[in-house]
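Q: Just a sequence and a predicted model for now, questions to come.
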Amino acid sequence: MTVYLLRRLIQAAGVVLAMSVIVFIGVYAIGDPVEILISPDADQFERERAIRAFGLDRPLWQQYFTFLGRALQGDLGRSFVFNEPALKLILQRMPATLELAVGATVVALIIGVPLGLYAGLKPESPVSKGVMAASILGFSLPTFWVGLMLILVFAVQLGWLPSTGRGETVEVLGMRWSFLTADGLAHMVMPAVNLSLFKISLVIRLTRAGVRETMLMDFVKFARAKGLSPRRVIAVHVLKNIMIPVVTVVGLEFGGTIAFSVVTESIFAWPGMGKLIIDSINVLDRPVIVAYLMIIVLMFIVINLVVDLTYSVLDPRVRLEAKGA
């Protein structure tokens with residue numbers, strides 16, 4: 001297992017290095033932030049001074065190696081707009097995005113797994129057919145439209161939930177969290193549900209397909225022949241086997257939820273990383289954009305590693321393969 005982890009860490013370092021080159025060149029080779037950040041009335045002297053201050057007067061390769069050297073020391077650059085470390089700005093917004101992504105993932109699992117399990121065990125029942133039809137809607141409905149409808153119904157017409165913002169927060173371990181307060185949870189309900197709709201549909205279909213396939217396996221037939229109760233067969237033999245693909249997809253979707261929660265955060269004015277990156281793109285705040293993308297890359301790598309390690313808990317064969325490696 002130690003050799004396996006070491007090999008994965010070396011691979012991860014190579015991926016991060018390659019992505020840093022792609023991200024840096026892709027962001028710094030496009031547009032001119034000076035045109036946006038400097039007043040049109042500024043003279044040439046002020047413009048050149050701003051260019052030097054931002055470090056844009058040097059060749060692109062030199063800017064990259066400067067960025068890489070500072071990144072190895074934990075410095076991802078300073079924001080052109082806020083004149084603060086880009087990493088600090090992102091870390092301040094990260095708790096809001098993380099709790100929204102975790103909330104959406106938990107909702108997807110709590111709703112999707114039981115519905116998919118039922119649809120797989122009783123595929124011909126009217127309820128199962130209704131569940132599968134609803135899952136198609138979850139794939140098809142645009143996120144921004146669903147978000148607006150949620151606000152219109154539950155905030156404007158019914159007045160049950162707050163429409164925007166994050167609500168009351170408390171500080172834990174130096175970070176502000178809203179899910180620990182009743183007001184924060186109330187603000188979190190609609191954006192979390194909106195963000196989870198696609199994942200609910202995905203989990204339902206994955207679970208249903210896994211159940212339909214697993215129920216035909218010989219080990220399930222053998223368990224039934226031994227006289228085990230249907231509940232035990234489903235809980236021990238069926239559910240445990242179908243959770244491997246579900247964990248894979250949900251794990252990767254969790255990274256995607258963090259990276260692409262921009263629409264939901266914009267609709268509900270949720271002060272997370274997605275809102276920050278949109279504002280930074282509008283003003284070409286390059287250090288913040290690069291820092292955000294690099295953090296997302298690191299998150300995907302860590303999530304993939306966690307998913308692989310989770311396999312070893314759900315499937316003993318993975319542990320044997322890891323020892324053999």
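A: Good, I have the coordinates. Residues are numbered from 1 along each chain as shown.

Q: Output the longest helix belonging to this structure.
A: Assignment by DSSP state H gives helix 86-121 as the longest helix of the chain.

Q: which secondary structure elements does that helix contact?
A: Applying 3 or more C-beta pairs under 8 Å, 6 or more residues apart in numbering; DSSP states H and E, one finds that helix 86-121 contacts helix 126-140, strand 175-177, helix 182-214, helix 239-259, helix 262-267, helix 273-282, helix 286-314. Where you see a C-beta, it was placed from the backbone N, CA and C, and this is true even at glycine.

Q: how much does that helix deviate in direction from helix 239-259?
A: 150 degrees (axes from the mean of the first three to the mean of the last three C-alpha atoms, to 10 degrees).

Q: buried set for helix 86-121?
A: 86-87, 89-90, 93-101, 103-105, 107-109, 111-113, 115-121 (16 or more other C-beta atoms under 10 Å).

Q: burial of Gly138, as a residue count?
A: 20 (other C-beta atoms under 10 Å).

Q: Please apply the same query to Ile51.
A: 16.

Q: Just after the helix or strand containing it, pick out the following helix or strand.
A: If you go by DSSP states H and E, Ile51 is part of helix 44-54. Note on helix 44-54: by DSSP H and E, the next helix or strand toward the C-terminus is helix 60-71.

Q: Give me the contacts around that next one.
A: 20-21, 24-25, 28-29, 55-56, 58, 76-77, 290, 294 (C-beta atoms under 8 Å, 6 or more residues apart in numbering).

Q: Mind putting the residues you listed into TSV with pLDDT, distance to Gly69 and neighbour count?
A: Below are the contacts of helix 60-71 laid out as TSV (pLDDT from 0 to 100; distance: C-beta to C-beta, whole Å; neighbours: other C-beta atoms under 10 Å):
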residue	pLDDT	distance to Gly69	neighbour count
Ser20	84	12	18
Val21	86	14	11
Phe24	81	13	23
Ile25	81	17	14
Tyr28	75	16	19
Ala29	70	20	8
Gly55	71	13	15
Leu56	71	17	16
Arg58	75	13	13
Leu76	81	12	22
Gly77	80	11	22
Val290	86	14	22
Met294	86	14	21
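
Q: who wins for proximity to Arg7 among the helices and strands packed on helix 86-121?
A: Ranking these by their distance to Arg7 (criterion: C-beta to C-beta) puts helix 286-314 first, at 11.2 Å.

Q: Nice, that's everything, thank you.
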